[in-house]
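**Q** Here is a sequence together with a model predicted from it:
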2 protein chains.
Amino acid sequence: MQDRITIKDVAERAGVSYQTVSKVLNHQAKVKPQTEARIRKAAEDLGYQPDQAASSLRSRRSRMIGYSGSPWPANQANPILDQFLQGMLHAAERAGYYLLCFPHHTGERQVEPYRQLIESRRVDGFVVSGVEYDDPRLQFLLDKGFPFVAFGRSNVGMRFSFVDVDGKAGMRKVVEHLVARGRRHIAALSWPDNSRVGQDRMAGYREAMQSAGIDINPDWIARGEGSVTFGHQVMQGWLALPSERRPEAVAAFNDGMAVGAMQAIQENRLAVGVDLAVTGFDDLPMTQYLTPPLTTVRLPVAEIGERVIKMLVNSLENNSAEVQHELVEPELVVRQSSTGEKASGD
Amino acid sequence: MQDRITIKDVAERAGVSYQTVSKVLNHQAKVKPQTEARIRKAAEDLGYQPDQAASSLRSRRSRMIGYSGSPWPANQANPILDQFLQGMLHAAERAGYYLLCFPHHTGERQVEPYRQLIESRRVDGFVVSGVEYDDPRLQFLLDKGFPFVAFGRSNVGMRFSFVDVDGKAGMRKVVEHLVARGRRHIAALSWPDNSRVGQDRMAGYREAMQSAGIDINPDWIARGEGSVTFGHQVMQGWLALPSERRPEAVAAFNDGMAVGAMQAIQENRLAVGVDLAVTGFDDLPMTQYLTPPLTTVRLPVAEIGERVIKMLVNSLENNSAEVQHELVEPELVVRQSSTGEKASGD
């Protein structure tokens, strides 16, 4: 007799692939209703218990939480990641857990450390940060039925617990602030379409523009890799337009692009904050000391670190697979790059 | 018969305290030669092996390295600490180790997590960062004979393995650069006397001034908590002096104080880099986008993270208690705050 029923047994009986079964059983149903019904029946017939492996692990706890120090947002050097880590470390200590840290890899290799840590029973659960669409780490952990909480969201169809910044609310605050300051021709320095964080912020831009009754000019939406160079280059292009086609404010989706735009404006002998308003996002250290100081959005990353750990520990201790979602609103930090006020001492 | 000879047995036989034996056996000899001789003889007579406990732990390796995410330098928010962590994580993975992270505490509580981790045999060794004079964590680990490598140095008499930034060399480069640019009246925005990192940088300042044959004016050395506010306030005081008593350059021991000094200079309608040169230390993100961009010293923290792990893993795998020291020279990054060149586009 077989030790226990696996997803593979269910797949064989239902005549579908392993992946399809995993998706259905983890509530990421995107299959036809008939297929789902067949899978559920096969699972029931066989007496399959999806949480078996996870439960057995949970009964001998390591009191360790795995965390890969992944760049966040993806592909950016990250001066605020330390705050996230500190928030997690203190919350974990209060709950009697340690953090087990391992490096983040890209491509095929990114799932491997998770597999090893589960197999060696070193951790009770994971915190996954730097989450993107179709994130293979999330898919892997869902397939395994292994506990985790994400810092960030992914595809709408994937059901898992997360804490995230409400980037939409943050960008809405930015645009509302610019509109209140009399700007209507507001351009966006955005991320590529496949960026989850970028899409979230873009939704806030669109919503706020719509609420203010402002038509969005597609020429004023630029999508790129989020660098200072990209912000600089795009801004140069906008400044080269005839004056009636130039934007009068630029909402950048991160501080780096905002800095590039500020440089281009100043090279054209225009005053940032007066001739053109510029805003950033993330509130990196030192942005308050730029000339002029940068209006931006502050992310409560230490608080998110704490919440992620609390959510994971709760689900571990209560042996609960209930999916939870928390969005934390970021704070608009108004400085002179968007207000036209003169720097102190001038 | 007793299981094994402990430090306490040696102390009893030599007629001294436990602490004294520990200090002598860990090569932090500050006792009288006769006392040391008596302790060494007692240890020999009893057949005491200082590494016994550590060896027995090492034979059942956890393949975990403990690391407290301590602020570095102490008491500063730290945007570059993430690079240090990343360097450690990748080096640890290559060597087949994981990092166990726990929070840093101050005062009495800071040793407790180390004790717990040793007793629960969760880690094979530690990386200790944010090291200061009389650091109780180092003293505790030396007393225990437990393997660790520090990022940073402490009291001269304490013998332990470390990797550190050669802050003296870094500050020497700064002063030599300023002298080469024709500045002689060079002030220092420094840290308090009890700061280990501050003392190191101060030694570089003094050496370079001496080599250039420049007398140091004690009025131009200010010691404070390393904040923007402190840099601003001190610079205001210097600018209020009669012109012949004002410094013509300011070497700040971190970027924050440099930013404060720049603000004070600009409020006095003087040009940073032209009227007064300003330099920082640490090369925080965004300092290249200040107006003018800040000349500073870049710390190779990712490399130090790798080296710390390699040194620790080597000593663990070779069961070696040999003390090793590595100093890594930081790099001077020359920008316009010290050169008087105009910003591009001006």
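**A** On my side now, so go ahead. Numbering: from 1, shown residues only, chains lettered A, B, ... in the order given.
**Q** ok, then the element right after the helix or strand where A:G87 lies?
**A** Applying DSSP states H and E as the criterion places A:G87 in helix A:81-95. Next helix or strand after helix A:81-95 toward the C-terminus (DSSP H and E): strand A:98-102.
**Q** And A:G152, how far from B:G15?
**A** A:G152 is 63 Å from B:G15, where distance means C-beta to C-beta, to the nearest Å. Using the backbone N, CA and C atoms, a C-beta is placed for each residue, glycine as well.
**Q** Give me the angle between the helix holding A:G87 and strand A:98-102.
**A** Relative orientation of helix A:81-95 versus strand A:98-102 (axes from the mean of the first three to the mean of the last three C-alpha atoms, to 10 degrees): 140 degrees.
**Q** Show me which positions of helix A:81-95 end up buried.
**A** Neighbour counts over helix A:81-95 (16 or more other C-beta atoms under 10 Å in any protein chain shown) mark A:81-93, A:95 as buried.
**Q** Ok, stretch A:219-229 next?
**A** Buried residues in stretch A:219-229, defined by neighbour count with 16+ other C-beta under 10 Å: A:220, A:222-224, A:226-228.
**Q** what do you get for stretch A:179-195?
**A** Applying 16+ other C-beta under 10 Å to stretch A:179-195 flags A:179, A:183, A:185-191, A:195 as buried.
**Q** The residue lying closest to A:D275 once chain neighbours are set aside in helix, strand or coil?
**A** Excluding the flanking residues, the one nearest A:D275 by C-beta to C-beta, 6 or more residues apart in numbering or on different chains is A:I265, at 7.1 Å. Three-state assignment for A:I265 (DSSP: H, G, I helix; E, B strand; the rest coil): helix.
**Q** rewinding a little: and of the buried residues of helix A:81-95, the nearest to A:L239?
**A** A:L239 lies nearest to A:L81 out of these, by C-beta to C-beta, at 33.5 Å.
**Q** how much space between that closest one and chain B?
**A** From A:L81 across to chain B, the span is 5 Å (C-beta to the nearest C-beta, to the nearest Å).
**Q** shaky segments in chain A?
**A** Regions of chain A meeting the criterion pLDDT under 70 cover residues A:1-4, A:25-30, A:49-60, A:69-79, A:341-346.
**Q** Any idea which residue is closest to the centre of it?
**A** Within chain A, the residue whose C-alpha comes closest to the C-alpha centroid is A:G152; the distance, by C-alpha atoms, centre = their mean, is 3.6 Å.
**Q** And A:L270, how close does it get to B:M257?
**A** A:L270 sits 32 Å away from B:M257, taking C-beta to C-beta as the criterion.
**Q** Compare neighbour counts for those two and give me the winner.
**A** Between A:L270 and B:M257, B:M257 has the larger neighbour count (other C-beta atoms under 10 Å in any protein chain shown), namely 31 against 13.
**Q** Which residues of the stretch 101-250 of chain A lie near chain B?
**A** A:101-103, A:113, A:122, A:228 (C-beta under 8 Å from any C-beta of the partner chain).
**Q** next one: phi and psi at A:S22?
**A** Torsion angles at A:S22 (phi, psi; degrees, to the nearest 10) stand at phi -60, psi -40.
**Q** so the closest residue to the residue nearest to the centre of chain A other than its chain neighbours, which of the three states?
**A** Leaving out its chain neighbours, the residue that sits closest to A:G152 by C-beta to C-beta, 6+ apart is A:V131, at 3.5 Å. Assigned by three-state DSSP, the conformation of A:V131 is coil.
**Q** show me what contacts A:V131?
**A** Residues in contact with A:V131 (C-beta atoms under 8 Å, 6 or more residues apart in numbering or on different chains) are A:137-138, A:150-154, A:162, A:196.
**Q** Quick check: of the residues you listed, which lies closest to chain B?
**A** A:F151 (14.6 Å; C-beta to the nearest C-beta).
**Q** Count the residues that sit near the closest one.
**A** For A:F151, the count of nearby residues is 23 (other C-beta under 10 Å).
**Q** For it, what are phi and psi?
**A** Backbone phi and psi, for A:F151 under degrees, to the nearest 10, turn out to be phi -90, psi 100.
**Q** Please point out which parts of stretch A:315-323 sit buried.
**A** Within stretch A:315-323, the residues that count as buried by 16+ other C-beta under 10 Å are A:315-316, A:321.
**Q** Off-centre distance for stretch A:264-282?
**A** On the basis of C-alpha atoms, centre = their mean, to the nearest Å, stretch A:264-282 sits 27 Å off its chain's mean C-alpha point.
**Q** Can you get me the start-to-end distance on that stretch?
**A** Start-to-end span of stretch A:264-282 (C-alpha to C-alpha, to the nearest Å) is 21 Å.
**Q** Likewise for stretch A:151-162?
**A** 6 Å.
**Q** any idea how far the residue nearest to A:G152 is from chain B?
**A** Noted for A:V131: a distance of 18 Å to chain B, by C-beta to the nearest C-beta.
**Q** How about A:L100?
**A** Using C-beta to the nearest C-beta, A:L100 is found at 5 Å from chain B.
**Q** same thing with A:V274?
**A** A:V274 is 16 Å from chain B, by C-beta to the nearest C-beta.
**Q** got it, and A:M235?
**A** Distance from A:M235 to chain B, by C-beta to the nearest C-beta: 13 Å.
**Q** do A:N194 as well
**A** As judged by C-beta to the nearest C-beta, A:N194 and chain B stand 24 Å apart.
**Q** cool, A:I216 as well?
**A** Distance, A:I216 to chain B, by C-beta to the nearest C-beta: 29 Å.
**Q** so what's the backbone phi/psi at that residue?
**A** phi -90, psi 130.
**Q** where along chain A do the strands fall?
**A** With strands called from DSSP state E, chain A shows them at A:64-68, A:98-102, A:125-128, A:148-151, A:161-165, A:186-190, A:221-223, A:249-252, A:277-279, A:296-298, A:325-328, A:331-333.
**Q** Next, the buried residues of the last one.
**A** Okay, so that is strand A:331-333. Neighbour count says strand A:331-333 has A:332-333 buried, by 16+ other C-beta under 10 Å.
**Q** Just list what it packs against, helices and strands only.
**A** Judged by 3 or more C-beta pairs under 8 Å, 6 or more residues apart in numbering or on different chains; DSSP states H and E, strand A:331-333 is in contact with helix A:167-180, strand A:296-298.
**Q** before we move on, what about the first one?
**A** The contact analysis (3+ C-beta pairs under 8 Å, 6+ apart) places strand A:64-68 against helix A:81-95, strand A:98-102, helix A:112-119, strand A:125-128, helix A:301-317.
**Q** now it against helix A:301-317, angle please.
**A** Using the same axes, to 10 degrees, strand A:64-68 lies at 140 degrees relative to helix A:301-317.
**Q** List of residues touching strand A:64-68?
**A** With contact meaning C-beta under 8 Å, 6+ apart, strand A:64-68 is reached by A:85, A:88, A:92, A:97-104, A:113-114, A:117, A:122-129, A:309, A:312-313, B:100-101.
**Q** ok, now with 6 Å
**A** When contacts are defined by C-beta atoms under 6 Å, 6 or more residues apart in numbering or on different chains, strand A:64-68 is touched by residues A:97-102, A:104, A:117, A:122-123, A:125-127.
**Q** tell me the contacts of the closest residue in space to A:K310 that isn't next to it in sequence?
**A** Leaving aside its chain neighbours, A:K310 sits nearest to A:A91 (5.8 Å; criterion: C-beta to C-beta, 6+ apart). Neighbouring residues of A:A91 by C-beta under 6 Å, 6+ apart: A:306, A:309-310.
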